[in-house]
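1. Sharing a sequence plus its predicted fold:
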Amino acid sequence: MIIDLTDTTSSEIASALLKARRNAGSPAMGMVGTIVVVVDEASHHDAMKAANEAGREHPSRVLVAILRPGKGAAGLDAEVRVGEGIPGEAVLLRLHGELAKVPESVITPLLLPDSPVIVWWPGGGPRVPAEDPLGKLGRRRVTDAAATRRASVDYTARAEGYAPGDTDFAWTRLTPWRALMAAALDQYPTKVTGAEVTAARGNPSADLMAAWLQSRLKVLVEQRTSRGPGVTAVRLFTPSGAIALTRPDGAVATFSVPGQPDRPVALKRRTTSELLSEELRRLDPDDVYAQTLACMVERDAMPADEKKVGATARKSTAAKVSAAGKKVVAPKQAAAKQTVAKKAVAAKSVAKKSVAKKSVAKKSVAKKGVAKKAAPANKAAARKKAVKR
């Protein structure tokens, strides 16, 4: 059921919601919370669609506020939707003029009592969400740094004005990456000497990933640029080799561990509704996100040279041993070659002496043979001389 209300009030909208529930035959919808979406006219359709899809897992009342501040008269137009494939309730609110400057006055009467409120800014969000008039209503405040042009500046401001309940979709997108890297170190505990994050230029998730690794592992983390999409690789350098998770196509990643065969891992880029559903599962403060934001501020203050991982940290122990082995083995090989050469010279010398001895022996034998042949001839000549006498 769809109910259109023009130039209305919050009480009329609440009455329309009650009437729509009764007509649907379900006065109690069993909703678990209220999702307040602050969006512009151009992207409200996609935002409402994502919120309704997330509502299939967490049935909620979705209040989509389109703010149209200006010099015109204050006014409120609404569109109430119940049923029509919607698991909960959806209300599209258009606030005009001065009323757009105080949206909390319209939203507060429509919140479900005794239930958490999640405020979501699909277009980026304010610099300090906890200080925003609508942000003050939320138990969870969700922004998206990827939707802003100056994400690093926004993150610095959010780190300084962080309040429990703040989070960002750029951080939510890293949940599978962080889970896999943490599981790798649990299965293969080793010392990490450095890390590297590769992603498309200007990707805020890469900044958060680098800050998270640095805050958790206490090592230098280098960031490199790729063609994307999103984060394409994370590498942890260890003495045994690099633990790597690479995803060049945005769908399937390759998980590499030293001494193990590479394994394919499903790591597709998640939709907005999936990200919102994850944020609705846990509404407690994210302390790790707060620590990561603080580390991002520290990294921004670091010189560029200090954000690069040296060649020594990248090399594994096997490579170092191999390089050292070459230096040590080389003199041994040279000594061995010299020994072989000396033995060859000595063998040649012995061979020459043997040949010389054989030659002398042959000459001696030849002289003895000539002497033997000459002896009978001398005896015959002596006999002839004696007869003549």
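-> Sure thing, it's come through. In this text, all values refer to a predicted model and were calculated from it rather than measured experimentally.
2. Quick check: beta-bridge partners of Ser256?
-> Counting by DSSP bridges, Ser256 is bridged to Ala244.
3. cool, Val62 as well?
-> When bridges are called by DSSP bridges, Val62 pairs up with Ile35, Ala90.
4. How about the contacts made by it?
-> By CB atoms under 8 Å, 6 or more residues apart in numbering, the residues touching Val62 are Thr34, Ile35, Val37, Met48, Ala51, Asn52, Gly55, Gly88, Glu89, Ala90, Val91. C-betas here are computed from N, CA, C, even on glycine.
5. my read: the last one touches Ala78, true?
-> Think Val91. Yes: shown here, Val91 and Ala78 form a contact pair, counting by CB atoms under 8 Å, at 6.1 Å.
6. what residues do those two have in common as contacts?
-> Overlap of the contact sets of Val91 and Ala78 (by CB under 8 Å, 6+ apart) consists of Ile13.
7. related to what we said a few turns ago, just curious, which of the contacts of Val62 is nearest to Pro69?
-> Val37 (17.4 Å; CB to CB).
8. Quick check: closest non-adjacent residue to that closest one.
-> Val64 (4.6 Å; CB to CB, 6 or more residues apart in numbering).
9. can you check Ala130 too?
-> Ala163 (3.5 Å).
10. Give me the neighbour count for that neighbour.
-> Residues near Ala163, counting by other CB atoms under 10 Å, number 15.
11. residue ranges with poor pLDDT in the chain?
-> Applying pLDDT under 70 to the chain flags residues 24-29, 84, 149-154, 316-389.
12. most centrally placed residue in it?
-> Centre of the chain computed as the mean C-alpha position; nearest residue by CA atoms, centre = their mean is Val234, 3.8 Å away.
13. just checking, that one touches Met181?
-> Yes: using CB under 8 Å, Val234 is in contact with Met181, at 6.2 Å.
14. circling back: so the residue nearest to Val37 belongs to a strand, correct?
-> Yes: per DSSP: H, G, I helix; E, B strand; the rest coil, Val64 lies within a strand segment.
15. mind listing what it touches?
-> Val64 is in contact with Val37, Val39, His44, Ala47, Met48, Ala51, Ala90, Val91, Leu92, Leu93, counting by CB under 8 Å, 6+ apart.
16. Next, the third one: phi, psi?
-> Phi and psi for His44, reported as degrees, to the nearest 10, are phi -70, psi -30.
17. hang on, the earlier thing: neighbouring strands - and their directions - for whichever strand or helix holds the residue nearest to the centre of the chain?
-> Using DSSP states H and E, Val234 sits within strand 231-238. Strand 231-238 pairs in its sheet with strand 194-200 (antiparallel), strand 241-246 (antiparallel), by DSSP bridges.
18. Just name the most buried of those strands.
-> Across the strands paired with strand 231-238, the average number of neighbours (mean count of other CB atoms under 10 Å) peaks for strand 194-200, which reaches a mean of 22.
19. just how off-centre is the helix or strand following that one within its chain?
-> Following strand 194-200 in sequence order, the next helix or strand is helix 204-217 (DSSP H and E). Helix 204-217 sits 9 Å away from the centroid of its parent chain (CA atoms, centre = their mean, to the nearest Å).
20. go on, stretch 63-72?
-> In terms of CA atoms, centre = their mean, the centre of stretch 63-72 is set 39 Å apart from its chain centre.
21. which parts of it are buried?
-> Using 16 or more other CB atoms under 10 Å as the test for burial, stretch 63-72 gives Leu63, Val64, Ala65, Ile66, Leu67.
22. next one: stretch 121-134
-> Residues of stretch 121-134 classed as buried: Trp121, Pro122, Gly124, Gly125, Pro126, Arg127, Val128, Pro129, Ala130, Asp132, Leu134 (neighbour count, 16+ other CB under 10 Å).
23. Could you list the alpha-carbon positions for it in CSV?
-> These are the backbone C-alpha positions of stretch 121-134, laid out as CSV (Å, rounded to 0.1, in the frame of the first residue of the first chain):
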residue,chain,number,x,y,z
TRP,A,121,24.4,9.1,5.0
PRO,A,122,24.9,7.4,1.5
GLY,A,123,26.4,10.5,0.1
GLY,A,124,29.4,10.7,2.4
GLY,A,125,28.1,12.3,5.6
PRO,A,126,29.0,15.2,7.9
ARG,A,127,32.5,15.9,9.1
VAL,A,128,31.6,14.9,12.6
PRO,A,129,28.5,12.6,12.5
ALA,A,130,27.9,12.7,16.3
GLU,A,131,27.4,16.5,16.2
ASP,A,132,24.9,16.4,13.4
PRO,A,133,21.3,17.0,14.5
LEU,A,134,20.1,13.7,13.1
